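[1] let me see the structure of the following:
(2 chains)
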Amino acid sequence: MSSSSAEAALATPSTPRPLLDLFLIWLHIGATSFGGGSATQLLIQQHFVVKRNWMTPETFAQDWAIVQFAPGINLIALTVLIGHRFGRWPGIAVSLLGMLGPAVAITIAMTALYARVRELPQVQGALRGLTPALVGLSLAFMWRLLKGPMQGLKPLGPPALAAGLFLLAVTAALTALGVPVLASYLVGAVGLGVIYAKQSDSLKESDC
Amino acid sequence: MDWLTYFLLFLKASLLSTGGRGPFPYLYTDLIARGWAVESNFAEALTVGEISPGPSGLWVVSLGYLTAGLPGALLATLAIVLPPLAVLIVARIHDRLKSFRATQGVLDGLVLAIIGSGAVVLASLFVSNGVNLVTVAIAVVTAALTFTGRVPSWLLLLGAAVVGVVLLT
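    Numbers count the residues shown, from 1 in each chain, chains lettered A, B, ... in the order given. As a prediction, this is how the structure comes out:
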């Protein structure tokens, strides 16, 4: 059974749970999580591992590792994975509804409220102050994101690190020149994929 | 408005990226090029995303509302919910995926591109808002304080909004 370990991720013992319970847990998480990211991740862990004991810390860590490979927002992928674990497709549906229902409704309501006052001169002034703040916030956030690739590249040696920084510059230049963003993302993903694969090959060779 | 194209642009932005900010460069370039959004819509949506509950990636829902009303918000929601469903496939092949070093390279490369393209798009957003002593100071101070990690983002945004009302109205 070669598929047994590949299936393990989905088949890790997890008894089906009442859909209403599942929904209420996610509703609680969705309504009380602010700022997303690691704070929300911790909140989810609190509910499923600590409070309810539905998952072991190991299972939770495994699920979190898996969602890193999924497209889109990691926290939504985690909601899908845990929902599936305890209730298959109906479990996914109630989990997403609980996690995103109130959050999406509040997001829409806040935007609608904003849209009613956006023409006020004071609001326009506030927006002119908010825009550079968001730029600063996002730049600092990206600087933190950069740690991931840097940690991957450093062990591969200075040439790989230089190649990585070159790739970063290329992705920026492509977008600056008006080339579709998809091209940048492809260049980054394929480029670093090749660098990682090649460098690990040459590391193996030097071992011999 | 061509709703199918509108939806597919949002779906592409979410499917071919990762994280809450990954779709930003796609949506910024695609929607502005078609005249379906203006630069300031992104500052508005990102602000709402920062202060509303739930994953920070929900800023995309706010962008949907600002650009196409309630239908836009609902299509944007659908577009960010569908791609993560692929995690069910990922879970089945995770062991094999993990064994390739290239896999981590692809993910890290995607992050590099989000940073590279994202920085350019942010610069464009910054310039469109107006470059002067006050806006430069706000950007630098916010970046520095975020970097220290000691001031919550909502407080920084509140401060910037107040400075905006007082000095930029």
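
[2] can you tell me the closest non-neighbouring residue to B:L88?
    Take B:L88 and drop its neighbours on the chain: the residue closest to it by CB to CB, 6 or more residues apart in numbering or on different chains is A:H84, 6.2 Å away. Where you see a C-beta, it was placed from the backbone N, CA and C, and this is true even at glycine.

[3] ok, now A:G188?
    Going by CB to CB, 6+ apart, A:G188 has B:A113 as its nearest residue, at 3.1 Å.

[4] what about the closest residue to chain A within chain B, neighbour count?
    For chain B, the residue closest to chain A is B:G164, as judged by CB to the nearest CB, at 2.1 Å. B:G164: 25 surrounding residues under other CB atoms under 10 Å in any protein chain shown.

[5] what's the spacing between it and A:M110?
    For B:G164, the distance to A:M110 (CB to CB, to the nearest Å) stands at 18 Å.

[6] same deal with A:F86?
    The gap separating A:F86 from A:M110 is 31 Å, by CB to CB.

[7] higher neighbour count, the two?
    Ranked by neighbour count (other CB under 10 Å), A:F86 and A:M110 place A:F86 first, with 23 against 18.

[8] so A:A31 makes contact with A:L100?
    No - counting by CB atoms under 8 Å, A:L100 is not a contact partner of A:A31; they are 10.7 Å apart.

[9] was I right to think A:S184 contacts B:P25?
    Yes - taking contacts as CB under 8 Å, A:S184 lies within contact range of B:P25: 7.4 Å.

[10] quick check: neighbours shared by these two?
    The contact sets of A:S184 and B:P25 overlap at A:175, B:117 (CB atoms under 8 Å, 6 or more residues apart in numbering or on different chains).

[11] least trustworthy helix or strand in the chain by mean pLDDT?
    All of this is about chain A. Between all helices and strands in chain A, the lowest mean by mean pLDDT, DSSP states H and E belongs to helix A:3-11, at a mean of 46.

[12] you answered for a different chain; I wanted chain B.
    Lowest mean confidence among the helices and strands of chain B (mean pLDDT, DSSP H and E): helix B:87-99, at a mean of 89.

[13] contacting residues for the residue nearest the centre of chain A?
    Centroid-nearest residue in chain A, with CA atoms, centre = their mean: A:N74, separated by 2.9 Å. By CB under 8 Å, 6+ apart, A:N74 lies in contact with A:67-68, B:18-19, B:84.

[14] quick one: the helices in chain B?
    With DSSP state H as the criterion, chain B has helices at B:3-15, B:24-33, B:39-51, B:59-81, B:87-99, B:101-129, B:133-148, B:153-167.

[15] mind listing what's buried in the last one?
    The reference is to helix B:153-167. By 16 or more other CB atoms under 10 Å in any protein chain shown, the buried positions in helix B:153-167 come out as B:153, B:156-157, B:159-161, B:163-165, B:167.

[16] A:V117 - how many residues pack around it?
    Neighbours of A:V117 using other CB under 10 Å come to 10.

[17] look at A:A31 and A:L100 and report which has more neighbours.
    A count of neighbours by other CB under 10 Å puts A:L100 above the other of A:A31 and A:L100, at 24 against 17.

[18] wait, a strand at the more buried one?
    No - per DSSP: H, G, I helix; E, B strand; the rest coil, A:L100 lies outside any strand segment and is helix.

[19] is it true that it touches A:V80?
    No - between A:L100 and A:V80 there is no contact, the gap being 10.9 Å when judged by CB under 8 Å.

[20] so which residue of chain A comes closest to chain B?
    Per CB to the nearest CB, A:G129 is where chain A lies closest to chain B, at 2.1 Å.

[21] wait, doesn't that residue sit right on B:G164?
    Yes - if you go by CB under 8 Å, A:G129 and B:G164 touch, sitting 2.1 Å apart.
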